[in-house]
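Asker: Fold the following and give me the result.
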Amino acid sequence: MKYFPLLLFLLPLGLGAQITLTQENVPAPGDTLFYARDTTATNLNIGMAGPDQTWDFSQLQADEYFQLIASDTVMDPDVENYPGANLIITSEQVKTFIQSNDTAVYILGGGVPEAAAFGLEVVQFQPPQKLYDFPTTYGTAFTNFYSVDATVDGSLVLPGVDSIRLIRRATATVEVDGYGTVKTPYNNYEALRQRIETINADSIYAQVFGSWIPFLADTSVTVQYQWISAESKGSTVSINLDVVTGEIENVEFFLDVDNASAPAAAFTYEDQGEGVFVFTDQSANAPAGWEWTFGDGGTSDAQNPEYTFTADGEYQVCLTVSNIIGSDQICQTITVDLLDAVPDPRHEIRLSVQPNPARQNVRIIPEGFELADFSFQLFNSQGQQILQRRFNGQLQLDVSDLPAGLYAYFLKTVEGKVEKWSSGKIQVAR
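Answerer: Residues are numbered from 1 along each chain as shown. Reported below is the predicted structural model:
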């Protein structure tokens, strides 16, 4: 069953102390809250319960982004299915109907777009899921029973089945077990920590020829920790744990748009030979999307693509990166020089490179090829071509503007129908 976004609403009473939740914290229609999801976090320390704690999640990374959008129920065509609803929260195409009053907040149900294909356009919690007793502060605890009982068109799932009935009976034990400071990648917040342990009893029945047949029964336990703050108008950090292994299953955190940044695009590349290039994203500020164009009509949305060019020439390769805050683009011009085969060592050119190491100028003199035309390429330590020259006889190369370091060169010429070459290293000193 798809997860319904749950908001935790609160109001701070005092600075540097525990905070208290009231109905005043329910977001107003028109509010939009931004969140990020870390899909790789596995070894977080959830910290201790108790007063005056510090929970450090500043190492979290934003791999995916989503929004929670609050809206009014007045004009919504589905509100009649959820009597008492006075707020709608929409996130990732899931619409959740909320009832809040001065004593509690409840989830009444919602709609999942893909479920409509099975005739399940309305999902009601009966009784509803209770999120909070108001006021709530450190030490508050309650137990809530809620359930979902829904029937869908069975013929769309299994041939010969009339209907399928899905039942979930859930018992949630909720306790606010700590308060203090929670740290995220974008800011620090005064927060309460809430632990939610839920026992789910799931049953599935299939109706065949008018009779209901038990199909599946299962019981599971979930544990979720939520750190809640006034600034986020709900959950600041949320962590789901696997009860059996203790491993982290899901991590979501509030994205403070006033302190977050759009990504800054950057990339490096490596010429693998025969037109094959490997591109590596080096962008900053947690991009969530990548769009590459390679200058020959080819594109990719991979973060670190490998691409093959089929013709010699210069190509402008551009990377556009984006996240929920904004986007950025960078372009580099690369030179593709296809070789039909690996150079034959018998065709290597004897070369004089002096001085090496060099500070100002390097003289490159091919021996025995005084009148030949040469192509010369210089690459940095990341495999990027930084210059290309054509010369006759010998080359005087100015390296005074290059940073200190080791550079690779490749030189070639054609004698008759035979390609001859030389390669090596130039050390630039400062």
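Asker: low-scoring stretches of the stretch 201-350 of the chain, by residue?
Answerer: For the stretch 201-350 of the chain, applying pLDDT under 70 flags the ranges 259-260, 338-347.
Asker: Can you tell me how far the most centrally placed residue in the chain is from residue 389?
Answerer: Central residue of the chain (Cα atoms, centre = their mean): residue 63, 1.5 Å from the mean position. To residue 389, residue 63 is 43 Å away according to Cβ to Cβ, to the nearest Å. Glycine gets a C-beta too; all of them are placed from N, C-alpha and C.
Asker: Phi, psi for the residue nearest to the residue nearest to the centre of the chain when sequence neighbours are not counted please.
Answerer: Of all residues not flanking residue 63 in the chain, residue 39 sits nearest, at 4.4 Å (Cβ to Cβ, 6 or more residues apart in numbering). Phi and psi for residue 39, reported as degrees, to the nearest 10, are phi -90, psi 0.
Asker: residues in contact with stretch 63-82?
Answerer: Stretch 63-82 is contacted from outside by 5, 7, 27-40, 85-92, 95, 97, 99, 108-109, 111, 121-122, 124, 234, 255, 286, 288, 323-324, using Cβ atoms under 8 Å, 6 or more residues apart in numbering.
Asker: cutoff 7 Å now
Answerer: Residues from elsewhere that reach stretch 63-82, judged by Cβ atoms under 7 Å, 6 or more residues apart in numbering: 5, 7, 27-40, 85-92, 97, 108-109, 111, 122, 124, 288, 323-324.
Asker: Then stretch 288-307?
Answerer: 62-65, 276-281, 309, 315-323.
Asker: What's the local residue count around residue 354?
Answerer: Look at residue 354: counted by other Cβ atoms under 10 Å, it has 10 neighbours.
Asker: Also residue 214?
Answerer: Residue 214 has 9 neighbours, counted by other Cβ under 10 Å.
Asker: what's the pLDDT at the residue nearest to residue 63?
Answerer: What the model reports as pLDDT for residue 39 is 88.
Asker: And stretch 302-309, what's buried?
Answerer: For stretch 302-309, burial by neighbour count (16 or more other Cβ atoms under 10 Å) applies to 303, 305, 307, 309.
Asker: Dump those residues into CSV; add distance to residue 201 and secondary structure as well.
Answerer: Shown next, in CSV, are those (distance: Cβ to Cβ, whole Å; DSSP: H, G, I helix; E, B strand; the rest coil):
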residue, distance to residue 201, secondary structure
303, 41, coil
305, 47, coil
307, 52, strand
309, 59, coil
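Asker: In TSV: the residues you listed, plus distance to residue 144.
Answerer: Compiled in TSV, the buried residues of stretch 302-309 are given as follows (distance: Cβ to Cβ, whole Å):
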residue	distance to residue 144
303	42
305	48
307	54
309	61
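Asker: what about residue 397, helix or strand, and which?
Answerer: Assigned by DSSP states H and E, residue 397 falls within strand 395-398.
Asker: Following element in sequence after that strand, please.
Answerer: Following strand 395-398 in sequence order, the next helix or strand is strand 405-415 (DSSP H and E).
Asker: Validate this expectation: residue 182 resides in a strand.
Answerer: Yes - under DSSP: H, G, I helix; E, B strand; the rest coil, residue 182 falls within a strand.
Asker: May I have stretch 391-404 exported as CSV, CA atoms only?
Answerer: C-alpha atoms of stretch 391-404 as CSV (Å, rounded to 0.1, in the frame of the first residue of the first chain):
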residue,chain,number,x,y,z
PHE,A,391,53.7,22.8,-36.6
ASN,A,392,56.4,22.1,-39.1
GLY,A,393,59.9,20.9,-38.0
GLN,A,394,59.8,21.9,-34.4
LEU,A,395,57.6,23.4,-31.8
GLN,A,396,58.3,26.2,-29.2
LEU,A,397,55.7,25.6,-26.5
ASP,A,398,54.9,28.3,-23.9
VAL,A,399,53.9,26.7,-20.6
SER,A,400,54.3,29.7,-18.4
ASP,A,401,50.5,30.0,-17.8
LEU,A,402,50.0,26.3,-16.9
PRO,A,403,49.7,25.2,-13.3
ALA,A,404,52.5,23.2,-11.9
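Asker: Next, the buried residues of it.
Answerer: So stretch 391-404, judged by 16+ other Cβ under 10 Å, has buried residues 391, 395, 397, 399, 402.
Asker: Identify the residues contacting the nearest residue to the second one once chain neighbours are set aside.
Answerer: Counting by Cβ to Cβ, 6+ apart, the nearest residue to residue 395 once its immediate chain neighbours are dropped is residue 364, at 4.3 Å. With contacts taken as Cβ under 7 Å, 6+ apart, residue 364 has the following neighbours: 351, 353, 376, 394, 395, 397.
Asker: In TSV, list these along with distance to residue 186 and pLDDT.
Answerer: Shown next, in TSV, are these (distance: Cβ to Cβ, whole Å; pLDDT from 0 to 100):
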residue	distance to residue 186	pLDDT
351	54	87
353	50	91
376	48	90
394	57	88
395	51	90
397	47	93
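Asker: Now flag whichever of those is closest to residue 144.
Answerer: Compare each of those with residue 144 using Cβ to Cβ and the shortest gap goes to residue 376, at 74.4 Å.
Asker: roughly how far apart are the residue nearest to residue 188 when sequence neighbours are not counted and residue 239?
Answerer: Residue nearest to residue 188 in three dimensions, not counting chain neighbours: residue 181, with 5.6 Å by Cβ to Cβ, 6+ apart. Applying Cβ to Cβ, the value for residue 181 to residue 239 is 17 Å.
Asker: who has more neighbours, these two?
Answerer: Using other Cβ under 10 Å as the criterion, residue 181 and residue 239 rank with residue 239 on top: 20 against 16.
Asker: Excluding sequence neighbours, find me the nearest residue to the more buried one.
Answerer: residue 225 (4.8 Å).
Asker: and the one you found, what helix or strand is that in?
Answerer: For residue 225, the host element (DSSP H and E) is strand 211-229.
Asker: Now do that strand: which elements does it pack against?
Answerer: Contacts defined by 3 or more Cβ pairs under 7 Å, 6 or more residues apart in numbering; DSSP states H and E place strand 211-229 against strand 163-183, strand 188-208, strand 234-242.
Asker: for the shortest one, packing partners?
Answerer: Contacting strand 234-242 under the criterion 3+ Cβ pairs under 7 Å, 6+ apart are the following elements: strand 211-229, strand 248-254.
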